[in-house]
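Asker: got a sequence here, can you build the structure:
(chains A, B, C and D)
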Number of protein chains: 2
Amino acid sequence: MKINEAINLLKDKGYKTTGRRKDILAYFDEADGYRTAKDLISYLEETYDGISFDTIYRNLHLYNDVGILESTELNGEKHFRMNCTHHHHHHFICNDCGKTKEIEVCPMDEVQQALANYSIEDHKFEIYGLCPMCKHA
Amino acid sequence: MKINEAINLLKDKGYKTTGRRKDILAYFDEADGYRTAKDLISYLEETYDGISFDTIYRNLHLYNDVGILESTELNGEKHFRMNCTHHHHHHFICNDCGKTKEIEVCPMDEVQQALANYSIEDHKFEIYGLCPMCKHA
DNA sequence: TATCATAACGTAATGATTACGATTTGTAAA
DNA sequence: TTTACAAATCGTAATCATTACGTTATGATA
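Answerer: Residues are numbered from 1 along each chain as shown, chains lettered A, B, ... in the order given. Just a heads-up that it's a prediction; the model follows:
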């Protein structure tokens, strides 16, 4: 999702446009991969002297809820990245830099049949390793 | 993995067979699904008066390392279940009772090609929802 | 520019997990 | 069987990510 798109989405939903919020969007726009709350705090501390956990987590949850960000759990820590809204897909995630590559394969079609009497609510398919850049570093 | 198998594996590796360790195995053998450290503590407290976090987590890690248990992260908490050693497969996991169903489909073959220059180290494919039992409860 | 609800601050609380010194207990050798 | 000792457990404190909250600041609307 693009920054302007996200800002308009927030406005439409009645949320205020603050400096923190714009900077958080800028961070994830630039990051192009999964980042933690701690990563975000480090970044914002360059600009602001004193960032509250409240601000960090409230906005991460907000962005996640309205679909600006998507999240996953890696090594016991929540990680966030800009949401790819265009179509359903999965991700390769680099263990080193957190950057992602879209994977078009989704095995759910095949799986549905095997779970006839089950109620499927969600699924997760992620591939972990090193991206070409980190592999040769 | 069966309990006796696990105990022999521990002996072979030079680990001692203690009451706690046997009871932990019994718990996961009976559980037949994903359980948290807290779940395990509740169970062990019925038998022992005073179970140390040290004992819980040390043994969970040990069992996970030697392949007696396998683990996944659900709602920010590590969950463990008896390891299925026989062949590669994935799991449907019930959001209610934690019980699992094996899924034979694995999409990795298809994915390899799309990640030619990447180093693949691991992958995760899990399906979440309600099992037939919990669905009708 | 005044108003007011929302956002942010600073900090304390929570919950899972890890760490550690003291004590207990399997195990293997005497 | 007893002894010896490393490994296992205990009790509790520390850590780390996240959540909660009373107070203060600020964006948006009139």
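Asker: phi, psi of the closest residue to DNA strand C within chain A?
Answerer: Among all residues of chain A, A:Gly50 sits closest to DNA strand C, at 2.5 Å; criterion: C-beta to the nearest atom of the strand. In this view, the C-beta of every residue, glycine as well, is placed from N, C-alpha and C. Backbone torsions of A:Gly50, given as degrees, to the nearest 10, read phi 120, psi 100.
Asker: which element is A:Ser71 on?
Answerer: A:Ser71 belongs to strand A:69-74 when assigned by DSSP states H and E.
Asker: picking that back up, the residue of chain A closest to DNA strand C: what's it in contact with?
Answerer: Contacts for A:Gly50 (C-beta atoms under 8 Å, 6 or more residues apart in numbering or on different chains) come out as none.
Asker: gap between it and A:Phe80?
Answerer: Between A:Gly50 and A:Phe80 the computed distance is 22 Å (C-beta to C-beta, to the nearest Å).
Asker: residue contacts, the most far-flung residue of chain A relative to its centre?
Answerer: Centroid-distance maximum for chain A: A:Asn117 at 32.0 Å, with C-alpha atoms, centre = their mean. Contact analysis of A:Asn117 by C-beta under 8 Å, 6+ apart lists B:Pro132, B:Lys135.
Asker: let me know the pLDDT of it.
Answerer: A:Asn117 is assigned 94 on the pLDDT scale.
Asker: helix or strand for it, which one?
Answerer: Using DSSP H and E, A:Asn117 sits in no helix or strand.
Asker: B:Leu10 versus that one, what's the distance?
Answerer: Computed as C-beta to C-beta, the A:Asn117 to B:Leu10 distance reads 38 Å.
Asker: check A:Glu102 too.
Answerer: For A:Glu102 relative to B:Leu10 (C-beta to C-beta), the value is 43 Å.
Asker: between these two, which is the more surrounded one?
Answerer: When neighbours are counted by other C-beta atoms under 10 Å in any protein chain shown, A:Glu102 and B:Leu10 differ, and B:Leu10 comes out ahead with 21 against 12.
Asker: what residues does chain A put near chain B?
Answerer: Within chain A, the positions adjacent to chain B are A:73, A:76, A:78, A:92, A:95, A:101, A:103-108, A:110-111, A:114-115, A:117-132, A:135 by C-beta under 8 Å from any C-beta of the partner chain.
Asker: tell me what the helix or strand bottoming out on mean pLDDT in chain A is packed against?
Answerer: In chain A, no helix or strand scores lower on mean pLDDT, DSSP states H and E than helix A:108-114, which sits at a mean of 90. Under the contact definition 3 or more C-beta pairs under 8 Å, 6 or more residues apart in numbering or on different chains; DSSP states H and E, helix A:108-114 sits against strand A:119-130.
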